[in-house]
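Participant: here are the coordinates; sequence isn't available:
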Ligand code: IPE
Ligand code: IPE
Ligand code: MG
Ligand code: MG
Ligand code: MG
């Protein structure tokens, strides 16, 4: 792993935290606890990979300083919504997230559901409000994001993931499709939004899409591996749950060694797709981090 990566990313992380604080609606004592549940989940930590990818592609594509931080915050809000809903008893039924009790454990199921809905909606409001990014770019970003997290992306993938608990997946291409949808598309969109925001060319955007899609698939393979190899303390969430719930995962289907090799190959492919030469350095380092953390 690039030893300097944490310090190189520190300023980006700080920008994400600042943008999230600005983005969160003011907490009110009389709102039924929904804003408290939203901020509890949002500020519980997390790697902030998606907003950082967005900021890095924006910088690498030569974006002029503007409201990209607000777009990056929107991505983290959508991601946090997806985690809150993913943990609900009707989904993965997990009680630990980011090292803390899951949102529904602390706030109850109904408030957790609404906290997810609130984060999702506020995220799209952020895109509409990011006034100093030209409107045509914001419309393109909104369309890219909606398709990545909607039925053809994350929502569709989550539905297939749950279906696979009842009808186990035996073909690798089918599992790949689920992983690309539930996780890969959103990670790709995070990188794409930065490039679009910076006014990158269509060919640069296409290359960033390749980068993000390969990285996104590698990311979920790594997550599957961590469920087998990490401790709950390291992961900040329960481990060993995938096998327990009968989920089809990469290590379950092709074994740990082949999964690790494939994740590394995908990251190599992802780094090779980068279009911005020397400005790609941090994007390459973040991609490597995704697999280096699994060995
Ligand atoms: C976990 O995402 C959910 C998946 C899509 C695998 P992260 O690993 O990015 O979770 P945080 O944000 O760091 O908690
Ligand atoms: C989550 O996949 C994908 C999402 C869209 C949230 P997982 O269910 O494997 O994520 P974790 O392991 O609970 O973080
Ligand atoms: Mg899940
Ligand atoms: Mg889960
Ligand atoms: Mg997982």
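Facilitator: Nice, I can see it. Note that the coordinates shown come from a computational prediction; the quantities given were computed from them, not determined experimentally. Ligands and ions are numbered 1, 2, ... in the order given.
Participant: okay, and for the stretch 1-150 of the chain, where does confidence drop off?
Facilitator: The model of the stretch 1-150 of the chain has pLDDT under 70 over residues 1.
Participant: let's go with 90 and repeat that
Facilitator: 1-4, 25-29, 64-67, 130-132 (pLDDT under 90).
Participant: Enumerate the residues of it near ligand 2.
Facilitator: 82, 83, 86, 92, 94 (Cβ under 6 Å from any ligand atom). No exception for glycine: its C-beta is placed from N, CA and C like everyone else's.
Participant: same thing but at 5 Å, please
Facilitator: 82, 86 (Cβ under 5 Å from any ligand atom).
Participant: Strands of the stretch 1-150 of the chain, start to end?
Facilitator: For the stretch 1-150 of the chain, the strands defined by DSSP state E, counting those that start in this stretch cover 96-97, 100-101.
Participant: out of those strands, nearest to residue 249?
Facilitator: Minimum separation from residue 249 across the strands of the stretch 1-150 of the chain (Cβ to Cβ) falls at strand 96-97, 18.6 Å.
Participant: Relative to the closest one, what are the paired strands and their orientations?
Facilitator: strand 100-101 (antiparallel) (DSSP bridges).
Participant: what about residue 149, distance to ligand 3?
Facilitator: Distance from residue 149 to ligand 3, counting by Cβ to the ion, to the nearest Å: 14 Å.
Participant: nope, residue 45 is what I was after
Facilitator: 19 Å.
Participant: Begin at 44 from now on, thanks
Facilitator: In the new numbering, first residue 44, that becomes residue 88.
Participant: Contacts made by stretch 62-74 with the rest, please.
Facilitator: 78-79, 81-82, 85-86, 94, 112-113, 115-117, 119-120, 161, 165, 169 (Cβ atoms under 8 Å, 6 or more residues apart in numbering).
Participant: Pull up the residues of the chain that are close to ligand 1.
Facilitator: 89, 90, 141, 226, 266.
Participant: Out of those residues, give me the two with the largest separation.
Facilitator: So, the residues of the chain next to ligand 1 by Cβ to Cβ: farthest apart are 141 and 226, at 16.7 Å.
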